[in-house]
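Student: okay, predicted coordinates and the sequence, questions at the end:
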Amino acid sequence: MEPRRIKRGWMNLRVDKIVPETHDTRTLYLVDAEDGGCVFDYQPGQYLTFRFDDLADKPLVRSYTMSSSPCQKDHIEVTVKAVSHGIVSHYLCEKVMEGDILRARGPIGRFGYEPTKDLPRLVMIGAGSGVTPFLSMLREYTQPASALLPDMVLLVSYRSEEDLIGWDLLQEAQQHPNVRVVVSLSRQHHADFRFGRIDEALLAETLEGDFLHRTFFICGPKGLLTSIPAFLSTKGVEMAHIKTESFF
């Protein structure tokens, strides 16, 4: 087994490519400014912490989950949504250009699948930009070289059809025999999607009442992180099999 690659301290990452995702979201392709490519090993679901010294009177620090996966060796991706009054998110979505240098450190975080601890049937529940760690997981665990997980379910909610972050990847993932993707729109009725926010009823319907022997990953606003674990506990799911990550 090869030793884990680590690059300590603040890294200089060059913006190699920018891909628009939606009207207010873009994906930045980043490479190491000195050595090129991705110079550290990470797990799907981990994040990088970025530092910005010139956007305000004091340095600003923000964290963004990588939407790429470890199987992508030549770059790292972070998918950023511009949020109201978000100085850094608006800068990354509106001002940053290809060739710019961003300072970051990491990877950080334990919001990911741990084979020795977690049950291999995964349920991923997200809202809006909270889908990004699940894009990484889908990329990693559906590639031919990976140890395929037997059952992955993604339940994700967006505001409208215009807010479908990662939609191309989700469509591709749905073709995998071990993956099921359910998308809901909270503010738009659309024939191809469910309507409404993620709640207990939609989750129960998605899983057809089968809650046990699964590991649940929940990423999104505070309400989702509170209501869904409480509901799962009433269905006999142990807290050890519920992992949460706040994006708001």
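Tutor: Structure received.

Student: tell me where the protein has strands.
Tutor: 11-22, 25-32, 47-52, 60-65, 76-81, 101-108, 121-127, 151-158, 179-185, 194-195, 215-220, 242-246 (DSSP state E).

Student: just send these back as TSV, with mean neighbour count too.
Tutor: Using the backbone N, CA and C atoms, a C-beta is placed for each residue, glycine as well. As requested, the strands of the chain are exported to TSV (neighbours: other CB atoms under 10 Å):
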stretch	mean neighbour count
strand 11-22	17
strand 25-32	20
strand 47-52	19
strand 60-65	18
strand 76-81	24
strand 101-108	18
strand 121-127	25
strand 151-158	23
strand 179-185	19
strand 194-195	15
strand 215-220	24
strand 242-246	18
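
Student: got these as JSON lines, with distance to W167 columns?
Tutor: Listed next are these as JSON lines, based on distance: least, CB to CB, whole Å:
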{"stretch": "strand 11-22", "distance to W167": "8"}
{"stretch": "strand 25-32", "distance to W167": "11"}
{"stretch": "strand 47-52", "distance to W167": "22"}
{"stretch": "strand 60-65", "distance to W167": "18"}
{"stretch": "strand 76-81", "distance to W167": "12"}
{"stretch": "strand 101-108", "distance to W167": "25"}
{"stretch": "strand 121-127", "distance to W167": "13"}
{"stretch": "strand 151-158", "distance to W167": "9"}
{"stretch": "strand 179-185", "distance to W167": "9"}
{"stretch": "strand 194-195", "distance to W167": "15"}
{"stretch": "strand 215-220", "distance to W167": "17"}
{"stretch": "strand 242-246", "distance to W167": "21"}
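
Student: okay if I get those as CSV plus mean pLDDT?
Tutor: Shown next, in CSV, are these (pLDDT from 0 to 100):
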stretch, mean pLDDT
strand 11-22, 97
strand 25-32, 97
strand 47-52, 97
strand 60-65, 96
strand 76-81, 97
strand 101-108, 96
strand 121-127, 96
strand 151-158, 96
strand 179-185, 96
strand 194-195, 94
strand 215-220, 96
strand 242-246, 92
